[in-house]
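>>> quick check, what structure comes out for this input:
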Amino acid sequence: MSHFFVMSLLFGLIFGQTASLCAPSEYTIHVEKQECAYCLAINTTICAGFCMTRDSNGKKLLLKSALSQNVCTYKEMLYRTALIPGCPHHTIPYYSYPVAVSCKCGKCNTDYSDCVRERVRTNYCTKPQKLCNM
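Coordinates of the predicted model:
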């Protein structure tokens, strides 16, 4: 391998990681249950940002491994549980939600991520709101 090729490869790998702006970001989740009197606004962190991707016009000419569609996804996360106020005794008043500790650019895992372009906008309350800061 030529010296120029090796240096270009190293530069591409380094630049690809530094150009990605994927990090935990503050986000508010609104949670309500039909049986409960209040909607709970939970402040948490999610993974959000820009990841370098490579998608060539000549897809048929390249190996699949040469194409990359990375998304900003969880590297490390934990779950916390909040208590929804105003629930009757026969209702389970708890809601568990993810908290992003660290993020990475990688393949989207549908086990714990929403991998669609447009999401349904349901992040609002229809009942009186209580705030939960964890």
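
>>> any idea how far residue 46 is from the closest residue to residue 107 other than its chain neighbours?
Spatial nearest neighbour of residue 107, chain neighbours left out: residue 70 (6.9 Å); criterion: Cβ to Cβ, 6 or more residues apart in numbering. C-beta: built from backbone N, CA, C; applies to glycine. In this view, residue 70 and residue 46 are 17 Å apart by Cβ to Cβ, to the nearest Å.

>>> swap in residue 78?
Following Cβ to Cβ, the distance that separates residue 78 from residue 46 is 13 Å.

>>> mind listing the shared neighbours of these two?
residue 98 (Cβ atoms under 8 Å, 6 or more residues apart in numbering).

>>> checking the nearest residue to residue 51 once chain neighbours are set aside next. Helix, strand or coil?
Distance criterion Cβ to Cβ, 6+ apart; nearest residue to residue 51, sequence neighbours excluded, is residue 105 at 3.6 Å. Here residue 105 takes the strand state, with states given by DSSP: H, G, I helix; E, B strand; the rest coil.
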